[in-house]
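In: Please work out how this folds:
(one chain, ligands or ions: 1)
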Amino acid sequence: MTTLRILIAGGGLAGLATKLALASRGVDADLAERDTTPRDGGTGLYLPANAVRALRDLGLGDELDRRSAPVRRQEIRDRTGALLTGFDLSEIWSEVGESRAIRRSDLHALLGAAAGSSGVRLGAAVTEARADGTVEFSDGSEDRYDVVIGADGIDSAVRRAIFPRTGRKFLDQICWRFLAPTGDASETWVARLGNRGRTFLTVPVGDGQVYCFAAINSASPAAPAGDWRELFADFNVADLLEHAADAYFAPLHEIEGADWVSGRVVLIGDAAHACSPSMAQGGAMALEDALVLADELADGPVPEALDRYRARRSERVAFVLEQNHRRDKARNLPGFVRKAVFRKAGVKIIKGNHAGLLTRP
Ligand SMILES: Cc1cc2nc3c(=O)[nH]c(=O)nc-3n(C[C@H](O)[C@H](O)[C@H](O)COP(=O)(O)OP(=O)(O)OC[C@H]3O[C@@H](n4cnc5c(N)ncnc54)[C@H](O)[C@@H]3O)c2cc1C
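Out: Predicted coordinates for the structure are as follows:
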């Protein structure tokens, strides 16, 4: 058993997956989570095949199969529902495996149960971190670790302390998310596209529920006045919007160009590289980070292990950010151009978007 003292700041997908991945390599880690109750973040999550592969590599395959739903097909439609392109996901991901979708609460519960409660402190926020591994907590206590893993999300306090000049960038997009009942058992991810960057996505998550994500371009990160559902009144989704009164609102941001390693401190997941949900790769990147970091820490020594982690992850993460930017641009093409492009080359473009993600991280 390695005797490194490791602190993971944050008990989201990245933090819980890292604790689990380290434990399976014989390395214990403490985890400090700001919230007092386990967070579910609401709504749903699409898990592209590389996220499913990472969860299987974490030993969670059986539980995942039980709690999530397979997604076998993708379709891109216009706002009226007319098909622009459709394809089986095996065309995109063949050798990687299937894609799935899950309620966020279920994924958090699944990871939390597997990671266990040993060494986990809830209601303990990290307020300060230094490159020598010193950390301060919200109760005023201070401790020193061999490794500090900043898995504390897009507004990371660890990142602020170590790289104060790196901040999040607003992507000129805002969104709403909710779960709705559905009688549709199609196992199909459907994106409906309109003008002003309007996107309405549905993904079945099982148990007769569908996860809905609606986004629109916006110059301001604030929620617009009035009932947001009117922004999608000309989309063919009135039956779903009836269930959206309590939808979660969020402005969309990214972290780009951040360094992730300084001395004994390393950033992972959204803290390091939060991205637009266009590719639905945020969860996958967090899970892959966890597996790679655990591998490298188990091989030691620190801080060389952290440098190897950064070297193994940077190209792949840059690829995802780049594909997100391309997709965001494509969504904003004039309607007639967008339709022609997707009709003619949709599958080819989407295959290209994922080409860098087929190999194991
Ligand atoms: C609208 C939207 C839709 C998305 N859809 C998808 C999708 O379909 N598929 C997908 O894979 N990804 C999706 N993502 C991205 C995905 O949600 C994130 O990439 C993922 O949750 C990142 O996990 P994380 O653990 O790095 O961060 P988080 O999930 O943000 O977790 C961070 C944790 O750290 C805790 N914390 C914060 N500050 C501190 C502190 N100072 N001290 C201690 N703890 C702290 C928080 O309470 C939280 O528990 C989406 C994102 C958005 C915004």
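In: C-alpha only now, for contacts and for neighbours.
Out: Will do.
In: Can you give me the buried ones in the helix or strand hosting residue 172?
Out: In the assignment (DSSP states H and E), residue 172 maps to strand 169-181. Across strand 169-181, burial judged by 16 or more other C-alpha atoms under 10 Å covers 170-171, 173-180.
In: Find me the pLDDT at the residue lying closest to residue 265 once chain neighbours are set aside, would you?
Out: Closest residue to residue 265 apart from its sequence neighbours, by C-alpha to C-alpha, 6 or more residues apart in numbering: residue 148 at 4.7 Å. For residue 148, the pLDDT comes out at 98.
In: Tell me which helix or strand residue 148 sits in.
Out: Per DSSP H and E: strand 147-150 holds residue 148.
In: give the contact list for residue 117.
Out: Under the criterion of C-alpha atoms under 8 Å, 6 or more residues apart in numbering, residue 117 has no contact partners.
In: ok, it to residue 135 distance?
Out: 21 Å (C-alpha to C-alpha, to the nearest Å).
In: I'd say residue 53 and residue 97 touch.
Out: Yes - between residue 53 and residue 97 a contact is recorded at 7.2 Å, counting by C-alpha atoms under 8 Å.
In: Which of these two has more residues huddled nearby?
Out: It is residue 53, of residue 53 and residue 97, that has more neighbours when counted by other C-alpha atoms under 10 Å, with 22 against 16.
In: how near is residue 98 to residue 90?
Out: Distance from residue 98 to residue 90, by C-alpha to C-alpha: 7 Å.
In: Quick check: neighbours shared by the two?
Out: In contact with both residue 98 and residue 90: residue 72, using C-alpha under 8 Å, 6+ apart.
In: what sits up against stretch 167-177?
Out: Contacts of stretch 167-177 (C-alpha under 8 Å, 6+ apart): 43, 154-155, 160, 211-221, 223, 244, 247-256, 276.
In: pLDDT wise, what is residue 40 at?
Out: 58.
In: that older thread, need the contact partners of the strand holding residue 148.
Out: Here strand 147-150 has contacts from 4-10, 133, 156, 158-159, 264-268, 271, 302, using C-alpha under 8 Å, 6+ apart.
In: now, which of the contacts of stretch 167-177 lie close to the ligand?
Out: Contacts with the ligand within these, counted by C-alpha under 6 Å from any ligand atom: residue 252.
In: Run through who's touching the host helix or strand of residue 56.
Out: Element membership of residue 56, judged by DSSP H and E, is helix 49-57. Residues from elsewhere that reach helix 49-57 (C-alpha under 8 Å, 6+ apart): 61, 64, 93, 96-100, 281, 283-285, 287-288, 291, 357-358.
In: So which of those sit within helices?
Out: 61, 64, 93, 283-285, 287-288, 291 (DSSP state H).
In: and the one helix or strand residue 202 maps to, is it in reach of the ligand?
Out: Assessed by DSSP H and E, residue 202 sits inside strand 199-206. No - Strand 199-206 is not in contact with the ligand by C-alpha under 6 Å from any ligand atom; minimum separation 8.9 Å.
In: Report the angle between that strand and strand 169-181.
Out: 50 degrees (axes from the mean of the first three to the mean of the last three C-alpha atoms, to 10 degrees).
In: Strand 199-206 - contacts with which helices or strands?
Out: Using 3 or more C-alpha pairs under 8 Å, 6 or more residues apart in numbering; DSSP states H and E as the contact definition, the elements that strand 199-206 packs against are strand 69-71, strand 99-103, strand 188-193, strand 209-217.
In: Ok, which of these comes nearest residue 347?
Out: strand 188-193 (13.9 Å; C-alpha to C-alpha).
In: same for the closest one, what does it pack against?
Out: Packed next to strand 188-193, using 3+ C-alpha pairs under 8 Å, 6+ apart, are strand 73-78, strand 199-206.
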